[in-house]
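J.: below: sequence and its predicted model.
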Amino acid sequence: MGICWRFYNSSIKTKLTEGIIVEHSKKKEFIFKILKPKTNLNMKKVLVLCTGNSCRSQIAEGYIRHFAGAKAEVFSAGVETHGVNPKAIEIMAEDGIDISNHTSNNITEYHGVDFDFVITVCDNAKERCPFFPTKAQKFHENFPDPAKATGTAEEIMEAFRYTRTLVKDYCQKFVTDNLK
């Protein structure tokens with residue numbers, strides 16, 4: 001299954017992150033075809049929400065992806081976007097999970113997506129999250145925000161590691177209980 005666009009202007013150029021570009025030169029047309037990866041029809045869609053989509057939701061997205069494997073498509077978003085926190089990337093790398101390519105997304109980007117599960121990982125997101133008509137089961141856990149930690153550089157990293165451990169344990173249980 002794919003999406004195909006035909007362009008009759010030979011000067012059109014594009015950069016695709018997925019898929020292939022096919023040129024049909026006899027008719028001087030370019031066919032851009034993005035092949036969607038085959039997905040398991042039983043895959044569940046999981047959205048993790050936080051205030052700024054910079055730490056806790058990014059960590060949770062990484063762990064749910066890790067623990068769920070092919071059982072779920074996992075997304076994260078915030079009611080605001082603050083960018084992915086470099087310390088979150090660092091502490092996840094310490095545990096062998098690469099979130100360096102994650103992006104900070106706003107909840108409005110997912111309007112209309114039919115999620116199976118929505119997990120809020122802070123009270124602020126739970127209170128401020130706009131309503132989207134969905135059949136999603138909703139879960140909530142208020143994790144401490146490591147981005148608000150103060151102290152020495154090592155104390156701040158310990159706050160990130162502490163939150164990482166809490167989020168990891170929660171995500172492992174969530175996947176075990178809900179993504180069978």
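T.: Okay, I see it.
J.: could you use CA atoms for every contact and neighbour count after this?
T.: OK.
J.: quick check: which element contains the spatially most central residue of the chain?
T.: Centroid check for the chain by CA atoms, centre = their mean gives residue 75 as the closest residue, at 2.9 Å. Taking DSSP states H and E as the criterion, residue 75 maps to strand 72-78.
J.: what residues of whichever helix or strand comes after that strand count as buried?
T.: Sequence order places helix 86-94 as the next helix or strand after strand 72-78, per DSSP H and E. By 16 or more other CA atoms under 10 Å, the buried positions in helix 86-94 come out as 87, 88, 89, 90, 91, 92.
J.: who are the packing partners of helix 86-94?
T.: Using 3 or more CA pairs under 8 Å, 6 or more residues apart in numbering; DSSP states H and E, the elements in contact with helix 86-94 are helix 56-68, helix 153-178.
J.: and the strand holding residue 75 with helix 153-178, angle?
T.: 140 degrees (axes from the mean of the first three to the mean of the last three CA atoms, to 10 degrees).
J.: please compute how far strand 72-78 lies from its chain's middle.
T.: How far strand 72-78 lies from its chain's middle: 3 Å, per CA atoms, centre = their mean, to the nearest Å.
J.: so who does the closest residue to residue 74 other than its chain neighbours touch?
T.: Spatially, and ignoring its direct neighbours in sequence, residue 74 is nearest to residue 46 (4.8 Å; CA to CA, 6 or more residues apart in numbering). Counting by CA atoms under 8 Å, 6 or more residues apart in numbering, residue 46 touches 72, 73, 74, 75, 115, 116, 117, 118, 119.
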